[in-house]
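Colleague: Provided below for reference: sequence and predicted model.
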Amino acid sequence: MFVLRRAVEADIESIYQVDKAVFTIPWLVESIRDDIEDKDNRIYYVIDVDDQVIAYAGAWLVADEGQITNIAVLPNYRRQGYGAILTRKLIKECFAQGMQEIFLEVRVSNQAAQTLYRRLGFTVKGLRKQYYSKPTEDAYIMSLVKEKE
Ligand SMILES: CC(C)(COP(=O)(O)OP(=O)(O)OC[C@H]1O[C@@H](n2cnc3c(N)ncnc32)[C@H](O)[C@@H]1OP(=O)(O)O)[C@@H](O)C(=O)NCCC(=O)NCCS
C-alpha cells in the first residue's frame, strides 16, 4: 500500500534524504524548504510506503508554463509505477492550475526517465549543452502541451 499526498514542511528532511540517495548533487535543504513553503507557485508531492517517503516530485508554475524540477524514486522502489503516478499527478495539477505547457530537462543518457516522460506524452523540444555537472552532460528539453478542450 502506498499514499500519494502533497508534501508538507515535515517532509523536508525525508525529501532531502531521497534526493541525496538518488542524485550526485542533491538540492539544498533550504531550496527544498523554499519550494514547499511557496504553495502558490510550487507543487510538491511525495509517496509514502509504510509511512516512509520513498519518492517525491516537484514543479514550478511560472506564468502559464509548468516546469518539472525533479522526480526521484528510491532505487529499491523503482519499476513499481511510482514515478508514473507522481508525474501524472504533476501534469494534472499543472494543467488544472492553468498551465498551457509543461517543460522539463533530462540527461541525454537517462533512458529510464525519458521513456517514462515519452509514455506520458512529452516530446523533445531542444538540447541544452552541458546543462548538467557531475558528470557534465547535455540535457534534452522535453515538453507536453495541454490538449484543447
Ligand atoms: C526515472 C524514475 C523517476 C522512474 O521511476 P519509476 O518509479 O522506476 O518509474 P515507473 O515504475 O513509474 O515506470 C514507468 C515507465 O517508465 C519507463 N521506465 C522506468 N524505468 C525504466 C528503466 N530503467 N528502463 C526503461 N524504461 C523505464 C517504463 O516504460 C515504465 O513502465 P513499465 O515498468 O511498465 O515498463 C526513477 O528511475 C528515478 O528516480 N531515477 C533517478 C532520478 C531521475 O533520473 N529522475 C528524473 C530526472 S529528469
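Modeller: That came through fine. Numbers count the residues shown, from 1 in each chain.
Colleague: list of residues touching stretch 114-132?
Modeller: Contacts to stretch 114-132, defined as C-beta atoms under 8 Å, 6 or more residues apart in numbering, come from residues 83-84, 87-88, 91, 102-108, 136-144. In this view, the C-beta of every residue, glycine as well, is placed from N, C-alpha and C.
Colleague: what's the answer for stretch 91-109, then?
Modeller: Outside stretch 91-109, the residues that reach it (C-beta under 8 Å, 6+ apart) are 43, 59, 61, 64-68, 90, 113-114, 117, 120, 122, 125, 127-128, 131-132, 137-146.
Colleague: same question for stretch 1-15.
Modeller: Counting by C-beta under 8 Å, 6+ apart, residues outside stretch 1-15 touching it are 29, 32-33, 36-37, 43-49, 52-54, 56, 58, 82, 85-86, 89.
Colleague: give me that answer again for 10 Å
Modeller: The contact list for stretch 1-15, computed with C-beta atoms under 10 Å, 6 or more residues apart in numbering, reads 18, 26-27, 29-30, 32-33, 35-37, 39, 42-58, 70, 72, 77, 80-82, 85-86, 88-89, 93.
Colleague: filter those residues down to the ones close to the ligand.
Modeller: 72, 80-82 (C-beta under 6 Å from any ligand atom).
Colleague: how about the helices in the protein?
Modeller: All helices of the chain, identified by DSSP state H, fall at 12-22, 29-37, 82-96, 111-119.
Colleague: before we move on, back to that, ChimeraX command to pick out the buried ones of the ones next to the ligand among the contacts of stretch 1-15?
Modeller: Of those, the buried ones can be selected in ChimeraX as follows, counting by 16 or more other C-beta atoms under 10 Å:
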select :72,82
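Colleague: and the ones next to the ligand among the contacts of stretch 1-15, which of them are in strands?
Modeller: Ala72 (DSSP state E).
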